[in-house]
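Chemist: sharing a model prediction with you, sequence too.
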Amino acid sequence: MDKESVGEEEVVNFGKSLIVPSVQELAKVAINKIPPRYVREDQKQDPPVITSSDQVFVPPVVPVIDIQSLVSSSGGDHMDSHELERLHSACKDWGFFQVVNHGVSVSLLEEFKSEVVYFFKLSLEDKKKLWQQPDNHQGFGQLFVVSEEQKLDWSDMFYITTLPKSLRQTQLFDLLPPKLRETMEAYSAEMKKLAMIILSQMAKALKMDNEEMKELFSDGVQSMRMNYYPPCPEPDMAIGFTPHSDAVALTILYQLNDTQGLQIRKEGKWVPIKPLQNAFVVNIGDIMEIVSNGVYRSIEHRATVNSREERMSIATFYSSNLESELGPARSLIGPNKPAVFRRVPFDKYFKDFFARKLEGKSYLDFMKIETHEEDGSS
Ligand SMILES: O=C(O)CCC(=O)C(=O)O
Ligand SMILES: [Fe+2]
């Protein structure tokens, strides 16, 4: 793990990304063609998108989980609640669900939203002070850019590690608008609480030892990624966020406006997701697929853009503790249930992840244990 000295402190650095221009600035100029670096021929082979007029495949309703009823009705150790069963199948069959009655106050959501909207309105000059540095990918920019030839997404993002506090890059934090920092702090604490509730319910549903879940995640690494997708003059030629699964354990997504764009890959088709008002969209990341030994599945998703409206979202990522070793939960493997993923130290897992181009679920394959019976269908 790279450690940089900042005064007396040592800060962990998980990766870097090549510096790229702001797409928000690019989109401010009246252009009717996008620059070649944003033209995504590679996305042309993609499966079709489901629309409401599609007669062939009607997308089933995405599971909505009521956190309050999940927590209040699951006193025992067994799958004794209907909501827990629904959570379990959402994690197995979808890797994706929305949560309501999550306990995060609407006033905090509104405050945080307006701070982030304001943040993306800062002048380029102000944003430059918060831009990524050549040796560290936190700040404004794009992630996973590893070559000058690589195609780029039609979006800007701001990425920051928020927890544990000892991992924070203080010089970046100190430059944030004070009100944003304050609301981000409160939001970060709420997101950790919610992630821990969901993880402990998952432990119950998986029949995994909850102590093991706690040991893995009690002081987990949390980061936030604020996404800004400007309108695009050639939306069918570009992609807002390349198809990927999240490398983390859980992602809690808060969409800031009504513009649609998020799509998940389900049964070979792209299914558009419309977030409910004040709900969060939760998805299983690769770490949870690994910990559950493949019972839960991380889901591939992407964001599209359109020619009329901007779109904004905040993804809060939760992973295991910095000192943890990633691998299938010991309480879930045994003689009849062999581990299907390797074990690697946390820092190695993330450093390798951020050193690659983002490409669907390809990183998980790298973690798989090869077996002779492998049929290649993954
Ligand atoms: O903007 C979205 O809806 C998706 C964002 C996302 O997938 C991510 O930040 O990992
Ligand atoms: Fe994602």
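Modeler: Yep, that arrived. Ligands and ions are numbered 1, 2, ... in the order given.

Chemist: is the residue in the stretch 51-200 of the chain that ligand 1 sits nearest to in a helix, a strand, or coil?
Modeler: In the stretch 51-200 of the chain, no residue comes nearer to ligand 1 than residue 157, which is 7.3 Å away by Cβ to the nearest ligand atom. The way it works is simple: take the backbone N, C-alpha and C, and place the C-beta from them, glycine included. At residue 157 the chain is in strand, as set by DSSP: H, G, I helix; E, B strand; the rest coil.

Chemist: touching, residue 305 and residue 231? I think so.
Modeler: Yes: Residue 305 lies in contact with residue 231 (Cβ atoms under 8 Å); the separation is 7.2 Å.

Chemist: so for the two, which residue has more residues nearby?
Modeler: Per other Cβ atoms under 10 Å, whichever of residue 305 and residue 231 has more neighbours is residue 305, with 30 against 15.

Chemist: any idea of the pLDDT on the closest residue to residue 136 other than its chain neighbours?
Modeler: Nearest residue to residue 136, sequence neighbours excluded (Cβ to Cβ, 6 or more residues apart in numbering): residue 13, at 5.5 Å. Residue 13 is assigned a predicted lDDT (pLDDT) of 73.

Chemist: tally of neighbours for residue 13?
Modeler: Residue 13, neighbours per other Cβ under 10 Å, totals 20.

Chemist: low pLDDT regions in the stretch 101-250 of the chain?
Modeler: Scanning the stretch 101-250 of the chain with the threshold set as pLDDT under 70 gives 145-146.

Chemist: 80 instead, please
Modeler: Across the stretch 101-250 of the chain, residues meeting the criterion (pLDDT under 80) sit at 134-135, 143-149.

Chemist: for ligand 1, what are the nearby residues on the protein?
Modeler: With Cβ under 6 Å from any ligand atom as the criterion, the chain meets ligand 1 at residues 225, 227, 241, 246, 253, 261-262, 301, 303, 313, 315.

Chemist: would you mind listing the two of the residues you listed that lie farthest apart?
Modeler: Farthest pair in the residues of the chain next to ligand 1 (Cβ to Cβ) is 246 and 261. Separation: 16.3 Å.

Chemist: C-alpha coordinates for stretch 199-211, PDB please?
Modeler: Taking Å, rounded to 0.1, in the frame of the first residue of the first chain, the C-alpha atoms of stretch 199-211 are listed here in PDB:
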ATOM      1  CA  LEU A 199     -25.300  -6.100   6.300                       C
ATOM      2  CA  SER A 200     -26.500  -7.600   9.600                       C
ATOM      3  CA  GLN A 201     -29.800  -8.500   8.000                       C
ATOM      4  CA  MET A 202     -27.900 -10.100   5.100                       C
ATOM      5  CA  ALA A 203     -25.900 -12.100   7.600                       C
ATOM      6  CA  LYS A 204     -29.100 -13.400   9.100                       C
ATOM      7  CA  ALA A 205     -30.600 -14.200   5.700                       C
ATOM      8  CA  LEU A 206     -27.400 -16.000   4.600                       C
ATOM      9  CA  LYS A 207     -27.100 -17.800   7.900                       C
ATOM     10  CA  MET A 208     -23.700 -16.300   8.300                       C
ATOM     11  CA  ASP A 209     -22.200 -15.700  11.700                       C
ATOM     12  CA  ASN A 210     -23.100 -12.100  12.500                       C
ATOM     13  CA  GLU A 211     -19.900 -11.700  14.600                       C
END
